[in-house]
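Asks: coordinates for the following, if possible.
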Amino acid sequence: MSTNNCFSFARLGMVMKRDFMENWKRNLYVFLGIFIAFLAVYLFNMSAYNELWTETYKEVSQYVNPHTASFAFITSFSLFYFATEMMRNMRTKENRLSYLMLPASMLEKFVSRALYVTVGTMLMVFVASLLAEAVHWVFMPFFDDIPDKFRICVWPEAWGNVWETISPFKTKADFIANEGTSPETWPRVERSIFFEIMLVYWMALWWHSLYIIGGNYFGKYAFFKTTGTLILLGVVIGYMLSNVNPKECFGWFEEFVINNEEWLTEEVVAGVVGFIIFCFTSFNWWLSYKLFTRQQVIEPKFRLL
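Replies: Next up is the predicted model:
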């Protein structure tokens, strides 16, 4: 049920509040699951420490590295998994009837669910990891083998390393200087790093949008079905490309680059590729919205796989 075609933040807030109140128990279980995953990382890394690792963990940064990798993996997995949970409250006839009859537009309902699986997931990951940091200090006295210099607050160190890795606003001037590169080339190299990381961001958003589509299309086990579908498509595309001669198919592109290398700079290429990826990502979100707007109280059988 829609009230009008104008987007209303008041109705959006109402829909989000209702969703939160009706699913508070499941949201609590999800939060506890993420918290236990982070706490398990702390306990495993502390229990795995022994004298044989002393030579490996000479510096605090080396001790934090396993936490950094684990934090990045848990966060990434959570974002992709809960992207496929976007339409979880539309999987039964009763839930669809209740949700579709809300006095709000379809766009407001869609945005509400989108915020839950993106911003909501990040918020839960942030709070759960912070709580796990606090609880791990309770277990610290049981691990006597850990030297005092490693009895630190790991949370800011790990997240700082994650941000340093994914931040496009970083420099490699010191590293470049050690390699003997001329300082005049540092700005160009730093711009190159910026565009490379931004392209990785766009690719991650596009990949995430594929899971959003899977969450809107598949009924049960959406994450596994979406992952399986993407793997199958990857295998098919890889097989097709293995039978293609790159020089015959893409020779014209290499010639084009050579003939236009004066204006075809790295910034131009990154901008064009980024725009193309942005268009694909926008299309995936638009397609997800269209799938959502076509939800019915009684879905066709092929949608109940």
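Asks: now stretch 232-239: mean pLDDT?
Replies: Mean pLDDT, stretch 232-239: 86.
Asks: CA atoms of that stretch as PDB?
Replies: What follows is stretch 232-239, C-alpha atoms only, in PDB (Å, rounded to 0.1, in the frame of the first residue of the first chain):
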ATOM      1  CA  LEU A 232      29.200 -21.000 -12.200                       C
ATOM      2  CA  LEU A 233      29.200 -17.800 -14.400                       C
ATOM      3  CA  GLY A 234      32.800 -17.300 -13.600                       C
ATOM      4  CA  VAL A 235      33.700 -20.800 -14.700                       C
ATOM      5  CA  VAL A 236      31.700 -20.400 -17.900                       C
ATOM      6  CA  ILE A 237      33.200 -17.000 -18.800                       C
ATOM      7  CA  GLY A 238      36.700 -18.300 -18.000                       C
ATOM      8  CA  TYR A 239      36.200 -21.300 -20.200                       C
END
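Asks: mind naming the longest helix for this structure?
Replies: Longest helix of the chain, by residue count under DSSP state H: helix 186-217.
Asks: state the distance from residue 125 to residue 154.
Replies: 15 Å (C-beta to C-beta, to the nearest Å). The way it works is simple: take the backbone N, C-alpha and C, and place the C-beta from them, glycine included.
Asks: for the closest residue to residue 113 other than its chain neighbours, helix, strand, or coil?
Replies: Nearest non-adjacent residue to residue 113, counting by C-beta to C-beta, 6 or more residues apart in numbering: residue 86, 5.1 Å away. Three-state assignment for residue 86 (DSSP: H, G, I helix; E, B strand; the rest coil): coil.
Asks: so which bits of the longest helix of the chain are buried?
Replies: By 16 or more other C-beta atoms under 10 Å, the buried positions in helix 186-217 come out as 186, 190, 194-195, 199, 202, 204-217.
Asks: distance between the ends of stretch 145-160?
Replies: Start-to-end span of stretch 145-160 (C-alpha to C-alpha, to the nearest Å) is 26 Å.
Asks: can you give me how far it is from the chain middle?
Replies: Its chain's C-alpha centre and that of stretch 145-160 lie 25 Å apart, by C-alpha atoms, centre = their mean, to the nearest Å.
Asks: show me which positions of it end up buried.
Replies: For stretch 145-160, using 16+ other C-beta under 10 Å, the buried residues are 146, 150, 154-155, 157-159.
Asks: CSV for these, including secondary structure and pLDDT?
Replies: Below are the buried residues of stretch 145-160 laid out as CSV (DSSP: H, G, I helix; E, B strand; the rest coil; pLDDT from 0 to 100):
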residue, secondary structure, pLDDT
146, coil, 72
150, helix, 71
154, helix, 84
155, helix, 85
157, helix, 84
158, helix, 85
159, helix, 85
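Asks: coming back round to it: next, count neighbours for the residue nearest to residue 113.
Replies: Neighbour count of residue 86, defined by other C-beta atoms under 10 Å: 23.
Asks: which residues touch it?
Replies: For residue 86, the contact set (C-beta atoms under 8 Å, 6 or more residues apart in numbering) comprises 113-114, 116-117, 212, 215-216, 288.
Asks: phi and psi next, for it.
Replies: For residue 86, the backbone dihedrals (degrees, to the nearest 10) come out as phi -60, psi -40.
Asks: and it, how far is that from residue 155?
Replies: 29 Å.
Asks: go on, residue 217?
Replies: On the measure of C-beta to C-beta, residue 217 and residue 155 end up 37 Å apart.
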